[in-house]
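Novice: kindly return the folded structure for what I paste below:
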Amino acid sequence: MDVCEVYKVLHGMPETAHQEYRTSAFLAARLREMGFDVAEGVNGSTGVVGTLDSGRPGPVLGLRADMDALPFEREGKTCAIHACGHDANCAMVLTVAGRLARKNAFSGTLQVIFQPAEEGDGGSRSVIGSGLLSGLDEIAAIHLLESGDGRAGQASPAVYHCASSQIRARLLGVSAHGSKPHLGINAAEAAVLAANGLSAVHGDPALVHSLKVTQIVTAEGGLNTIPAEALMGIDLRCEDDREMERLAQKVRKVLECAAETAGAGLELQPITYGPAPVYSQAMRQSAADSIREVLGEQGLLRDVHTTVGEDFHYYAALLGCEAIYMGLGADVSPVLHHPDMCFDVRALEHGSEILSRFAEKRLCNMEER
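Specialist: Model prediction:
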């Protein structure tokens, strides 16, 4: 099967996070046919890791693709749709795995990682926790780009995502009749005070970052009742982990001050976030060279910077391996995560060729680099 045929099969079996049973079974079966040693149900998840040892000394390279589709409501029913292109990612990685296995002309070890639950649900950490990737030296991934970042016939050697955090805060007041606000503590006002304070928080303008209040929900009650509770949701993103920590500290301080000013209590979950990328410049150069060989100089894009988060970056952060994440132009329309998302499937031929050349460049004897 070529990459477009694999894509069609995967596109026809969309499954949401942690439910990728048919998808993982299909991918595992194909890897076994190629001669890989395959682990399924990785760490109790639907993850799949295939390992192919060349028998020759060299690095351990991982190629990672995410498997999950997104849930949408249509005609009153929840359905799964591949609206982010994870089926495309899997098709490219599986195709490259087949090419390398057939050639058997590389040194070192190739590990193919089909990861569940990328969409904010701990997928990469479940695979990492299995211990199967403990020897990984390098890891790479490729993903479709939004049309504004790249068109069909173009690709970027590095996509810089942001560290991201979704923060939940609970402000606790005292209920009272609306005619006697002095007898209560208005949790809604405390939340508004916090929201206004957060709007004045600024990060380093030289770094891509984003901070916004996404939710304020007060306890049920009449319009003439002072609410005793307000729940706040805050979305925080930054492309640098150190700046992310500074912003998180500012968010915490604003929430504490707003609650204190209003006389309200505050329950704040620990602020945690997925890491920002740290890329290997040697791997980025291999990616750029591979793109140039396949698409020409005109097809090589600059690095792409985006406020989107990606759990791919846990691999480098937790395993200590080097990493790169490429972007493939494919005329995506209208946008990723739209239920009617579509793209030029022919771009997958370019993507798989780029990834194949990249893998061949990296899977050589370490002394030859």
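Novice: drop to CA atoms for contacts and neighbour counts, all remaining ones
Specialist: Will do.
Novice: quick one: the nearest residue to Lys361 once chain neighbours are set aside from Glu322, how far?
Specialist: Leaving aside its chain neighbours, Lys361 sits nearest to Ser286 (6.7 Å; criterion: C-alpha to C-alpha, 6 or more residues apart in numbering). Ser286 is 13 Å from Glu322, where distance means C-alpha to C-alpha, to the nearest Å.
Novice: cool, and Leu63?
Specialist: The value you get for Leu63 to Glu322, if C-alpha to C-alpha is used, is 12 Å.
Novice: more neighbours: these two, which one.
Specialist: The neighbour comparison of Leu63 against Glu322 (other C-alpha atoms under 10 Å) goes to Leu63, with 24 against 20.
Novice: low-confidence stretches in this structure?
Specialist: The chain contains residues with pLDDT under 70 at 365-369.
Novice: mind listing what the closest residue to Pro57 other than its chain neighbours touches?
Specialist: In this structure, Pro57 finds its nearest non-sequential neighbour in Gly108, 5.0 Å apart by C-alpha to C-alpha, 6+ apart. Residues near Gly108 by C-alpha atoms under 8 Å, 6 or more residues apart in numbering: Asp53, Ser54, Gly55, Arg56, Pro57, Gly58, Pro59, Val60, Leu61, Leu363, Cys364, Asn365.
Novice: just the buried members of the residues you listed?
Specialist: Neighbour counting by 16 or more other C-alpha atoms under 10 Å classes Asp53, Ser54, Pro57, Gly58, Pro59, Val60, Leu61, Leu363, Cys364 among those as buried.
Novice: what is the nearest of these to Asp331?
Specialist: Leu61 (29.3 Å; C-alpha to C-alpha).
Novice: need the three-state assignment for that closest one.
Specialist: Look at Leu61: counting by DSSP: H, G, I helix; E, B strand; the rest coil, its state is strand.
Novice: would you agree the residue nearest to Lys361 is in contact with Phe358?
Specialist: Yes. Using C-alpha atoms under 8 Å as the test, Ser286 is close enough to Phe358 to be in contact (5.9 Å).
Novice: tally of neighbours for Met13?
Specialist: 17.
Novice: make that Gly203, sorry
Specialist: 17.
Novice: could you do Pro339 as well?
Specialist: For Pro339, using other C-alpha under 10 Å, the count is 18.
Novice: renumber starting at 869 from here on
Specialist: I'll keep to 869 as the first residue from here, and by that count the last item is Pro1207.
Novice: residues contacting it?
Specialist: Phe940, Ile949, His950, Ala951.
Novice: quick one: which of those residues is nearest Arg1110?
Specialist: Closest to Arg1110, out of all of the contacts of Pro1207 and judged by C-alpha to C-alpha, is Ala951, at 32.1 Å.
Novice: on the three-state scheme, that closest one is what?
Specialist: coil.
Novice: quick check: the gap between it and Phe1211.
Specialist: 10 Å.
Novice: next: Thr1140.
Specialist: 34 Å.
Novice: quick check: neighbours shared by Leu931 and Glu1190?
Specialist: Ile1007.
Novice: what helix or strand is Leu1104 on?
Specialist: strand 1097-1106 (DSSP states H and E).
Novice: quick one on the thing from earlier: pick out whichever of Thr1140 and Phe1211 has more residues nearby.
Specialist: Shown here are Thr1140 and Phe1211; by other C-alpha under 10 Å, Phe1211 has more neighbours (22 against 13).
Novice: nearest residue to that one in space, please, no chain neighbours.
Specialist: Nearest to Phe1211 is Val1200, by C-alpha to C-alpha, 6+ apart, at 4.4 Å.
Novice: quick one: contacts for the one you found?
Specialist: Here Val1200 is in contact with Leu1012, Leu1013, Glu1014, Ser1015, Arg1019, Met1209, Cys1210, Phe1211, Asp1212 (C-alpha under 8 Å, 6+ apart).
Novice: again, but for Gln983
Specialist: Thr914, Gly915, Val916, Arg932, Ala933, Asp934, Met935, Gly991, Ser992, Val995.
Novice: kindly reformat those residues as a markdown table containing neighbour count.
Specialist: What follows is the contacts of Gln983, written out as a markdown table (neighbours: other C-alpha atoms under 10 Å):
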| residue | neighbour count |
| --- | --- |
| Thr914 | 25 |
| Gly915 | 29 |
| Val916 | 24 |
| Arg932 | 24 |
| Ala933 | 26 |
| Asp934 | 28 |
| Met935 | 36 |
| Gly991 | 25 |
| Ser992 | 24 |
| Val995 | 25 |
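Novice: buried ones in the longest helix seen in the chain?
Specialist: Across the chain, the helix with the greatest residue count (assigned by DSSP state H) is helix 1109-1130. Going by neighbour count (16+ other C-alpha under 10 Å), the buried part of helix 1109-1130 is 1109, 1111-1113, 1115-1116, 1118-1120, 1122-1127, 1130.
Novice: what angle separates it from strand 1097-1106?
Specialist: Between helix 1109-1130 and strand 1097-1106, the angle comes out at 160 degrees (axes from the mean of the first three to the mean of the last three C-alpha atoms, to 10 degrees).
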